[in-house]
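A.B. asks: Next come a sequence and a model predicted from it.
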Amino acid sequence: MDDQSVKDRLLDAALMHVPFDGWSQASFDAAVADAAVDPALAQATCPRGAVDLAMAYHQRGDDEMVRRIQAEDMSGMRFRDRVTAAVRLRIEAAEDKEIVRRGTTLFALPQYAGDGARAIWGTADRIWTVLGDQSDDVNWYTKRTILSGVYSATVLYWLGDESEDHQATWAFLDRRIDNVMQFEKVKGKLRDNRAFTTILAGPLGLLGRIRAPMRASDDMPGQWPGSQ
């Protein structure tokens, strides 16, 4: 049995315990017992125990989101509507609010905040990638940074939303996307303003040298041209 199979087995077993015990050592130990996995193998596969399972759960949600996006016919949608639909599909892929709530609690802890940020960034990256984003400059970063903020804010709203079919959440998401589109319009106007571009010629030139990271590497941020 390979590492991924072991992790999937542990995660499946842990999900019934997480709503009660959180992403904790207790949940991890119970999953090991329920899945009949050798404790040494479980520890080798998930050195950080339940934290690794929480990250695996988020990854599973991202995978399901991509599957749902690819199954949708978005050819007739405006691009902003495709992004909105992708965020909604990602949230709907997480069917159990309490499991997600436990995850937000875990990743709010200082020692795991970096993991949480990495997970959210990964979701934003996969949305842009599956939607066909071709940017390879500073826009690669700004798109993912902004969408990370939209996604995380919408998840927090969804966790407290008791409206029918989460209609309040989807309205909240639409407003956040509208805010982003307004910001993009302002950026476009500034780029077309000759006086503005002249004043900031130096900083804009520096930003123009930024490139997206190579896909063969997990390193972030990206790289400077000629740095390889």
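C.D. replies: Sure, I can see it.

A.B. asks: okay, CA-based contacts and neighbour counts for the rest of this
C.D. replies: Will do.

A.B. asks: Per the annotation, how does this protein divide into domains?
C.D. replies: For the chain, the structural domains run 1-47, 64-195, going by automatic domain parsing.

A.B. asks: So for Met55, which of the ones you listed sits nearest?
C.D. replies: domain 64-195 (7.1 Å; CA to CA).

A.B. asks: and Tyr141, how many neighbours does it have?
C.D. replies: 20 (other CA atoms under 10 Å).

A.B. asks: separation between it and Val180?
C.D. replies: 14 Å (CA to CA, to the nearest Å).

A.B. asks: before we move on, back to that, any idea which of the domains of the chain is most buried?
C.D. replies: With neighbours taken as mean count of other CA atoms under 10 Å, these reach their highest mean count in domain 1-47, at a mean of 17.

A.B. asks: Next, the distance between the ends of that domain.
C.D. replies: 17 Å.

A.B. asks: For that domain, what does the pLDDT average out to?
C.D. replies: Domain 1-47 comes out with an average pLDDT of 96.

A.B. asks: Glu64 against Ala93, yeah?
C.D. replies: Yes. Using CA atoms under 8 Å, Glu64 is in contact with Ala93, at 6.2 Å.

A.B. asks: Check Asp192 and give its pLDDT.
C.D. replies: At Asp192, pLDDT is 58.

A.B. asks: And Thr142, by the same measure?
C.D. replies: 87.
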